[in-house]
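K.L.:
What follows is a predicted structure for the sequence shown.
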Amino acid sequence: MLLKDKVVIVTGGSRGIGRGIAVECARQGADVVINYARDPAGAAGVSPAQEVVAEIEALGRRAVAVKGDVADPATAQALVDAAVAHFGGVDVAVANAGVCAFHDFLGMPPELLRETIGINLEGTYFLAQAAGRRMQEQGRGGAIIAISSISALVGGEFQTHYTPTKAGQRSLMQSCAIALGRYGIRCNSVLPGTIVTDINRDDLTPEKTTYFNQRIPLGRLGQPHDIAGPVVFLASDLARYVTGAEILVDGGLYVNLQ
Ligand SMILES: NC(=O)C1=CN([C@@H]2O[C@H](COP(=O)(O)OP(=O)(O)OC[C@H]3O[C@@H](n4cnc5c(N)ncnc54)[C@H](O)[C@@H]3O)[C@@H](O)[C@H]2O)C=CC1
Ligand SMILES: C[C@H](O)[C@@H]1OC(=O)[C@H](O)[C@@H]1O
């Protein structure tokens, strides 16, 4: 087990990539605080956040779900407080929550631009700061991981509000690595390629899916659990000398120009 008895926070942990990360961390021995923004119950009357908590408990670990908008700095503090109150501290913070409402550049409403920056970039900043403060007090180091994107490296016609937030998260982790290295707190990014989740359900038409499956050297789009392994690695002591770095997890998409 790579994360035995570590305490992990995952924002946006009730769905998609965040859910995959939260469950894999528990499988690796961690107790987990998951954050969610909105969580309507499904047909069976059980919400996704409750499902994740139950899945983690079935693995023999503890979990708690905390509601909150990551764009609000109070949410980051509430997540740290929950980790301390329920599990005694924080070892790993994963800034995963994010939005990407596809929109053309010339018609971009300022509200959508600001909302995207607030959730994706400022939300990561607030979590890194709140977790970093607690980790410094604890004096036992820690790991902060931003779920950035292949979009930190390349542009997107309908993502002019989004790609700068992903580049910003990567840059933020580099600067935090310097600011927090003296406390043994490592800060890194994971850059997923295109992963099939709710965020791109409408964008990934059958035609686009076929195109990607042909262009990606490993022959398929990603799934949430493809991202969890690299996150666990960065969170674990196996990565004890890794900070200010990033792992591109895209099936080879980025390097295939043709
Ligand atoms: N799916 C993909 O192809 C890729 C996704 N990413 C990034 O991965 C992260 C997770 O996205 P996915 O799992 O794909 O999408 P998703 O839509 O399935 O999950 C996003 C999560 O963020 C939460 N969230 C959204 N706004 C929030 C807010 N204001 N406060 C708290 N939580 C909020 C949602 O409730 C949800 O749990 C995002 O940061 C996204 O930018 C990066 C590269 C590729
Ligand atoms: C939402 C997109 O499909 C997804 O998110 C990203 O960060 C990449 O641009 C992917 O294509």
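P.N.:
Perfect, thanks for sending it. Residues are numbered from 1 along each chain as shown. Ligands and ions are numbered 1, 2, ... in the order given.
K.L.:
contacting residues for Asp69?
P.N.:
By CB atoms under 8 Å, 6 or more residues apart in numbering, the contact set of Asp69 is Ala37, Thr75, Ile119. Any C-beta I mention is one placed from the backbone N, CA and C, and that applies to glycine too.
K.L.:
Not counting sequence-adjacent ones, nearest residue to the second one?
P.N.:
Taking CB to CB, 6 or more residues apart in numbering as the measure, Thr75 lies nearest to Gly68, with 3.3 Å between them; neighbours along the chain are not counted.
K.L.:
show me the residues around that neighbour that make contact.
P.N.:
Asn35, Ala37, Ala74, Thr75, Ala78, Leu79.
K.L.:
of these, buried ones?
P.N.:
By neighbour count, with 16 or more other CB atoms under 10 Å, these hold Asn35, Ala37, Thr75, Ala78, Leu79 as buried.
K.L.:
mind listing the helices for this structure?
P.N.:
In the chain, the helices defined using DSSP state H lie at 16-27, 48-58, 73-87, 110-116, 123-138, 163-180, 206-215, 224-235.
K.L.:
any chance of the ones you listed in TSV, with distance to Gln258 and mean pLDDT too?
P.N.:
Listed next are those as TSV, based on distance: least, CB to CB, whole Å; pLDDT from 0 to 100:
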stretch	distance to Gln258	mean pLDDT
helix 16-27	28	98
helix 48-58	39	97
helix 73-87	42	98
helix 110-116	31	98
helix 123-138	33	98
helix 163-180	22	99
helix 206-215	8	96
helix 224-235	23	98
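K.L.:
give the contact list for the nearest residue to Gly141 once chain neighbours are set aside.
P.N.:
Residue nearest to Gly141 in three dimensions, not counting chain neighbours: Gly184, with 3.1 Å by CB to CB, 6+ apart. If you count contacts by CB under 8 Å, 6+ apart, Gly184 has them with Arg140, Gly141, Gly142.
K.L.:
Can you report how many residues lie near Asn188?
P.N.:
If you count neighbours by other CB atoms under 10 Å, Asn188 ends up with 26.
K.L.:
so it makes contact with Ala177?
P.N.:
Yes - shown here, Asn188 and Ala177 form a contact pair, counting by CB atoms under 8 Å, at 7.4 Å.
K.L.:
Overlap in contacts, the two.
P.N.:
Shared between the contact lists of Asn188 and Ala177 (criterion: CB under 8 Å, 6+ apart) are residues Thr243, Gly244.
K.L.:
what residues does this protein put near ligand 1?
P.N.:
With the criterion set to CB under 6 Å from any ligand atom, the chain comes near ligand 1 through 11-12, 14-18, 35-37, 69-71, 96-100, 119, 147, 149, 192, 194-195, 197-200.
K.L.:
pretty sure Lys83 contacts Ile9?
P.N.:
Actually, residue 83 is Ala. It isn't Lys. Yes - Ala83 lies in contact with Ile9 (CB under 8 Å); the separation is 5.7 Å.
K.L.:
tell me, what's touching these two both at once?
P.N.:
Residues within reach of Ala83 and of Ile9 at once, by CB under 8 Å, 6+ apart, are Val33, Val90.
K.L.:
Residue in the stretch 1-150 of the chain with the shortest distance to ligand 2?
P.N.:
Taking CB to the nearest ligand atom as the measure, the stretch 1-150 of the chain has Ser149 as its residue closest to ligand 2, at 3.2 Å.
K.L.:
State the number of residues packed around that residue.
P.N.:
Residues near Ser149, counting by other CB under 10 Å, number 29.
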